[in-house]
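Undergrad: Fold the following.
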Amino acid sequence: MSVNQVDRPVFGGTTMGLRSSIRAALRQPLADYYLVIMTVVLLAGIGLYEMISASSVLAMVMGQSPYYYGVHQAIMIAVGAIGAFVLSRMSRRALVVVSWAGIVMAIVLLALIVVPGGFGFTTGGNQAWFDVGPVRFQPSEFAKVALVVWAAALFTRPAGVKQRGSVKALLIPYVPIAGLVLGLVVAEKDMGTAVIVGAIIIALLWFAGAPGSLLGGAAVFGAVGAALLVIFDSVRRAKVLSFLGTLMPFLHLPATQTSDQPQNAIYALATGGWWGVGPGASRQKWGGLYNGAHTDYILAVLGEELGLLGILVVLALMATLIITGLRIARRNDVMFWRLAAGGVATWFFIQAGFNTLVAFGMFPVMGVPFPFVSYGGSAIMAELFGIGLLLAAAMHEPAAIRELADRRARRGAHRTTEVVVARRAPR
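TA: A predicted model of the protein is given here:
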């Protein structure tokens with residue numbers, strides 16, 4: 001008998017054993033809960049490390065410590081983690097109340113940014129920041145999570161449940177209010193966030209059971225709206241023409257190069273190759289990607305330093321998080337939790353997908369951060385709030401509810417036994 005004939009069954013047995021172990025672990029009642037925590041911790045940890053590396057040069061040019069952006073991001077992660085913990089422990093009834101308060105607050109803050117004489121602050125051509133004294137944040141990021149939880153509450157109202165098959169019940173008041181949020185984001189001239197918000201709105205309709213004709217009409221309307229926003233804005237039009245000219249040179253489009261960042265991102269990825277040039281050794285962060293190295297093009301810097309392997313690890317973690325979110329939605333038997341989990345998972349999928357395509361030069365620059373990896377205090381906090389919703393939904397899976405109830409019962413029985421023993425003990 002040859003060595004190969006002996007080794008093959010052993011290897012096959014090991015692989016089958018590993019698969020069986022993974023399947024058994026995933027069948028555990030709280031597997032989704034811990035899987036969400038694990039993937040987010042790994043993503044945020046890798047992101048914080050890489051973001052410090054990518055932003056160090058820009059921070060020093062600004063006269064700050066090389067850890068300036070990293071410290072700020074770490075603080076926002078800590079605040080967002082507290083918010084995620086609070087949301088994960090909320091009941092459905094409490095989240096319904098929070099959802100209506102959140103959507104109203106999002107609309108008010110977005111309106112205060114775009115109205116003349118309001119509190120808007122313009123940077124990078126987008127008037128998307130609420131600026132009052134030392135407080136500056138991006139309400140449109142929080143509008144994403146507010147939309148998800150509000151839609152989950154709206155579509156599971158008793159009246160809405162009775163008319164689930166009615167198109168009118170799906171459209172009113174969802175479309176007018178969601179459309180108002182989207183319109184305010186568009187008014188901020190933040191094309192990237194507007195596309196994400198629009199996609200979330202359509203995805204939530206799909207999760208709520210909207211017919212294909214309605215979804216198709218919404219998609220066409222969104223595509224036409226996005227095209228008009230590009231056509232009638234010189235900066236956006238130049239970005240799209242530059243992208244198309246690079247992607248399809250045979251079109252012979254006029255030279256409209258607005259930034260060399262997309263090309264330098266490709267240089268970074270090409271330099272990194274399979275294994276990367278080493279942690280902290282990126283060249284493009286020294287000027288090629290300037291203010292986009294730690295935001296829009298964080299994957300390019302990661303690919304340069306850690307290679308294709310590093311990018312695949314991050315994408316695998318994000319895919320695991322998204323699949324787990326959809327699994328939570330599938331395993332829940334309460335519509336509110338299914339919509340909340342599915343909405344958050346779709347939000348992360350769309351946002352991560354657009355950022356990846358931009359970093360790889362496969363889509364025009366949109367200014368969309370990669371969840372948990374790119375720099376952005378408002379973005380990371382909103383994303384962690386979304387994780388709080390996922391964790392709450394995971395704890396409301398039927399098997400998880402039974403497991404948590406059994407744990408409480410065991411703790412109660414243990415305490416009762418301790419009290420009885422203490423009373424019987426001689427004094």
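Undergrad: for the stretch 151-300 of the chain, which spans come out with low pLDDT?
TA: Along the stretch 151-300 of the chain, segments meeting pLDDT under 70 span 158-166, 169, 245-259.
Undergrad: Helices of that one, residue ranges please.
TA: Here the stretch 151-300 of the chain has its helices, by DSSP state H, counting those that start in this stretch, at 158-162, 167-171, 174-187, 191-207, 212-231, 234-247, 261-272, 298-331.
Undergrad: what angle separates the fifth one from helix 174-187?
TA: Note on geometry: by axes from the mean of the first three to the mean of the last three Cα atoms, to 10 degrees, helix 212-231 and helix 174-187 are set 20 degrees apart in direction.
Undergrad: Now do the buried residues in helix 212-231.
TA: Of all the residues in helix 212-231, those buried under the rule 16 or more other Cβ atoms under 10 Å are 214, 218, 222, 225-226, 229-230. C-betas here are computed from N, CA, C, even on glycine.
Undergrad: could you redo those residues as CSV and give each row distance to Pro398?
TA: Formatted as CSV, the buried residues of helix 212-231 follow (distance: Cβ to Cβ, whole Å):
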residue, distance to Pro398
Leu214, 31
Ala218, 32
Gly222, 36
Gly225, 41
Ala226, 40
Leu229, 44
Val230, 46
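Undergrad: Can you tell me the closest non-neighbouring residue to Leu321?
TA: Distances taken as Cβ to Cβ, 6 or more residues apart in numbering put Thr39 closest to Leu321, at 4.4 Å, once the chain neighbours are dropped.
Undergrad: and the one you found, how many neighbours?
TA: Under the neighbour criterion other Cβ atoms under 10 Å, Thr39 is assigned a count of 22.
Undergrad: quick one: contacts for it?
TA: Going by Cβ atoms under 8 Å, 6 or more residues apart in numbering, Thr39 touches 317-318, 320-321, 324.
Undergrad: Could you export those residues to TSV, including columns for distance to Ala84?
TA: Converted to TSV, the contacts of Thr39 look like this (distance: Cβ to Cβ, whole Å):
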residue	distance to Ala84
Leu317	17
Met318	17
Thr320	18
Leu321	13
Thr324	15
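Undergrad: May I ask which of these has the most neighbours?
TA: Leu321 (26 neighbours).
Undergrad: tell me the contacts of it?
TA: Going by Cβ under 8 Å, 6+ apart, Leu321 touches 36, 39-40, 43, 345, 348.
Undergrad: Model confidence at it, what's the number?
TA: On the pLDDT scale, Leu321 is placed at 96.
Undergrad: and the gap between it and Val41?
TA: 11 Å (Cβ to Cβ, to the nearest Å).
Undergrad: could I get the contacts of Leu321 as TSV with distance to Glu141?
TA: Shown next, in TSV, are the contacts of Leu321 (distance: Cβ to Cβ, whole Å):
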residue	distance to Glu141
Val36	20
Thr39	20
Val40	17
Leu43	17
Ala345	17
Phe348	13
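Undergrad: when you check the residues you listed against the helices, which ones overlap?
TA: Using DSSP state H, 36, 39-40, 43, 345, 348 are the members of the contacts of Leu321 that sit in helices.
Undergrad: Are any of those residues buried, and if so which?
TA: Buried, going by 16+ other Cβ under 10 Å: 36, 39-40, 43, 345, 348, out of these.
Undergrad: Just give me the closest of those residues to Arg89.
TA: Val36 (14.6 Å; Cβ to Cβ).
Undergrad: ok, now which ones touch that closest one?
TA: Contacts of Val36 by Cβ under 8 Å, 6+ apart are 321, 324-325, 328, 387, 390-391, 394.
Undergrad: Leaving aside the residues adjacent along the chain, what's closest to Gly179?
TA: Gly179 sits nearest to Ile201 (Cβ to Cβ, 6+ apart), 7.8 Å away.
Undergrad: Quick one: residues in contact with stretch 100-111.
TA: 118, 130, 139-140, 142-143, 145-147, 149-150, 153, 177, 180-181, 184-185, 188.
Undergrad: Equivalent analysis for stretch 85-96, please.
TA: Residues contacting stretch 85-96 (Cβ under 8 Å, 6+ apart): 98, 149, 152-153, 334, 336-337, 340, 385, 388-389, 391-392, 395-396.
Undergrad: Check the chain for its longest strand and report it.
TA: As assigned by DSSP state E, the longest strand anywhere in the chain is strand 126-132.
Undergrad: Pull up the pairing partners for that one, direction included.
TA: Here the strand partners of strand 126-132, with direction, are listed using DSSP bridges: strand 120-123 (antiparallel), strand 135-137 (antiparallel).
Undergrad: As CSV, could you dump the C-alpha coordinates of it?
TA: What follows is strand 126-132 as a C-alpha-only set of coordinates in CSV (Å, rounded to 0.1, in the frame of the first residue of the first chain):
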residue,chain,number,x,y,z
ASN,A,126,-20.6,67.7,0.5
GLN,A,127,-22.6,69.7,3.0
ALA,A,128,-23.2,66.6,5.2
TRP,A,129,-21.9,67.6,8.6
PHE,A,130,-23.9,69.0,11.5
ASP,A,131,-21.5,71.5,13.1
VAL,A,132,-22.2,73.2,16.4
